[in-house]
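Novice: A predicted structure for the sequence below; I have some questions about it.
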Amino acid sequence: MPFTKFTNLDFDQIRAQIKDYLRANSNFTDFDFEGSNFSVLIDTLAYNTYITAFNSNMIVNESFLDSATLRENVVSLARNIGYVPRSRSAAKANVSFSVTTTSDTPTLTLQAGLVCVGQTNETNYIFSIPEDITATVNSGTASFTGIDVLQGTYVKNVFTVDGSLDQRFILNNSFIDSSTIVVKVKGISDTGEGREYSLVNNILNIDSTSEIFLLQEVQDEKYEILFGDGYFGKKLENGAVVTVSYIITDGKDGNGASSFAFSGRVLDSLNNVVVPTNTVTITTVSKASNGGDIESVDSIKYFAPRIYSSQYRAVTARDYEAIIQMIYPNTESVAVVGGEELDPPQFGNVVISIKPKNGDYVSDFDKQTILSKLKNYSLSGINQQIIDLKVLYVEIDSAIYYNPSQVTNVNGLKSSITSVLNTFATSNINKFGGRFKYSKLCQTIDNTDNAITSNITRVIIRRNLKALINQSAQYELCFGNAFHYKPKGYNIKSTGFTLAGRTGTFYFTDTPGTNGMGVISIVKESTTGGAYIVEVKSAGTVDYSKGEIILNTLNITSTVEANNIIEIQAYPESNDVIGLKDLYLSFSVADSKINMIKDTITSGEQISGVGYKTTSSYLNGELKRV
């Protein structure tokens, strides 16, 4: 009698199945398996079957990109479709300093490698440069102005090509920033370190003389250099010397370093070491930023199939998303909107918005670099435009009731809630196309601690208006979510600002009209207190159904908030808020209000409920944002 089930992976089920199989044989019909040594053999068979089934299941799972869990297997499967995972990226700082010498050398060269030591979070980090930098000496001083230093240690590996071996060029260091890898090949007739080879991602437009190399991740997060075979790419000659230099970095840990101490090595024009006669003081132009960790397994699983499906051609929004992640590793999230979806339509254009891993804006230099690289993938006739990040902030005003008999430290409970909310924001909300799920948030708050009995949470959405100071300009803010409004107004609120030719601090407010439209007015507080004076009755319009605010020409001279920002808030019609199109949804826990209130009924202080403090589920009627 053969087995009829092959899906049992539990040991006891396998054991029982073996007994049933034996009992079906007439020789063992009335046999007592439990009371004989035969049970040991059955246990052995069951264990063997169990272990074999488990291993088979693991092997099958690790054979597919979706189900694989070990990084080496995920990387190997991604390699099969031509995807190279992003490496760690070194934090970059920009610094300037001068070196004084008594030598009559015409130039001073800052040698590749260690330049300075930076400090962040009470930890010192090494900063290096991947190649020599030479400066002219004027009056005994050489100025190194605006140089980029990368967090990490500069390393060189040297290989000698041996054609008799099945040779592999593996860089025996983890934590490499692959963008800093420089490969030079010295042939028999070459001088110095030889000719520099170029990194390529595919073999298009490559012939037998192309001096190129490819890169792939192997075991333990290390990298292997691959060279041509004489058909696709130039083949290495026997005896050639390969020199590979790169930087080993701590990734995002190096971000934030702003204070640096010089530790570099300076050479004169004859390559002699020069000892500076002055104390080298480093001036920080920009602190270290853009450091990142190696690409995660989940990210590889997501982007590898999309890069493969795009075939390195930027056609759909998903293609752009995957390719931008590849050419700009500092990308945290990206939104791509076709021109036909804009209002008014811009046919033939693609609008791209990028949220970097560190900070809120992509520099102008990085924008130009990204657009230049995108030209290699995009279709002719399609224009790409990278716009600054538009952030839709979500805030909450939450009254959290707790049982005082179960709480010894209210501030500790409040800190726990804040920590949980930050985790909730990171894992669920902060991204393009994100969705703020109100019911999940309330549940998360309630589950923070057993002492919490309930919460009344109200939702606010906010956009920051970047004012053009002392310039006449019009402004448009799109929230992408319908506004809830009361007929009496006070639905739109803002922080303070000043206007040219007028005295006082002003605020935006609204007066609802008909057909879901309203008028934006500018008001200021009365000197007598408790009242407001309308300074500009009609300063713009608000579309409550679309969630749009349009401001007429204004000359703003200053803002109460720093960085020329005016915060403008509204109340969403739905407590479930979405990041529409190019809006990056961000849950601003720091700007949210957490109010801890005693639940006197649960604690037994007021059994009848008399004197119980209630909280309105609707927001206040304040005119200005507080």
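Specialist: Nice, I can see it.
Novice: mean confidence score for stretch 206-215?
Specialist: Stretch 206-215 shows a mean pLDDT of 91.
Novice: an error on my part: the question was meant for stretch 385-396.
Specialist: In the prediction, stretch 385-396 has an average pLDDT of 86.
Novice: from start to finish, how long is that stretch in a straight line?
Specialist: Start and end residues of stretch 385-396 are separated by 34 Å (CA to CA, to the nearest Å).
Novice: buried residues, it. List them.
Specialist: Ile386, Leu389, Lys390, Val391, Leu392, Tyr393, Val394, Glu395, Ile396 (16 or more other CB atoms under 10 Å). Just so you know, the C-beta spots here come from the backbone N, C-alpha and C atoms, and that holds for glycine as well.
Novice: for stretch 365-375, same thing?
Specialist: Across stretch 365-375, burial judged by 16+ other CB under 10 Å covers Asp366, Lys367, Ile370, Leu374.
Novice: may I have the residues that are in contact with the spatially most central residue of the chain?
Specialist: In the chain, the centroid-proximal residue (CA atoms, centre = their mean) is Glu332; its distance is 2.7 Å. Contacts here follow CB atoms under 8 Å, 6 or more residues apart in numbering; on that basis Glu332 touches Lys355, Pro356, Lys357, Lys431.
Novice: for it, what are phi and psi?
Specialist: Here is the backbone geometry of Glu332 (degrees, to the nearest 10): phi -90, psi -40.
Novice: the lengthiest helix in the chain - contacts with which helices or strands?
Specialist: Criterion DSSP state H: the longest helix present in the chain is helix 38-61. In terms of contacts (3 or more CB pairs under 8 Å, 6 or more residues apart in numbering; DSSP states H and E), helix 38-61 is packed against helix 11-23.
Novice: what about the helix it packs on, average pLDDT?
Specialist: Rounded mean pLDDT across helix 11-23 is 77.
Novice: buried sites along it?
Specialist: Those would be Ile14, Arg15, Gln17, Ile18, Lys19, Leu22, for helix 11-23 by 16+ other CB under 10 Å.
Novice: ok, the residues you listed vs Thr105, which is closest?
Specialist: Nearest to Thr105 among those: Ile14, at 80.4 Å, using CB to CB.
Novice: pull up the gap between Lys437 and Val394, please.
Specialist: 11 Å (CB to CB, to the nearest Å).
Novice: okay, now the unreliable bits of the stretch 301-450 of the chain?
Specialist: Across the stretch 301-450 of the chain, the ranges flagged by pLDDT under 70 are 343, 358-359, 380-381, 428.
Novice: all strands for it, in order.
Specialist: 331-338, 349-356, 383-387, 390-402, 431-432, 435-436 (DSSP state E, counting those that start in this stretch).
Novice: direction included, what does the fifth one pair up with?
Specialist: The one in question is strand 431-432. Within its sheet, and counting by DSSP bridges, strand 431-432 is paired with strand 583-587 (antiparallel).
Novice: please, where are all the strands along the stretch 501-626 of the chain?
Specialist: 506-512, 517-525, 532-543, 548-559, 565-570, 577-578, 583-587, 593-598.
Novice: got those strands as JSON lines, with mean neighbour count and mean pLDDT columns?
Specialist: Below are those laid out as JSON lines (neighbours: other CB atoms under 10 Å; pLDDT from 0 to 100):
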{"stretch": "strand 506-512", "mean neighbour count": "22", "mean pLDDT": "92"}
{"stretch": "strand 517-525", "mean neighbour count": "19", "mean pLDDT": "91"}
{"stretch": "strand 532-543", "mean neighbour count": "16", "mean pLDDT": "90"}
{"stretch": "strand 548-559", "mean neighbour count": "18", "mean pLDDT": "94"}
{"stretch": "strand 565-570", "mean neighbour count": "21", "mean pLDDT": "93"}
{"stretch": "strand 577-578", "mean neighbour count": "22", "mean pLDDT": "90"}
{"stretch": "strand 583-587", "mean neighbour count": "23", "mean pLDDT": "87"}
{"stretch": "strand 593-598", "mean neighbour count": "16", "mean pLDDT": "90"}
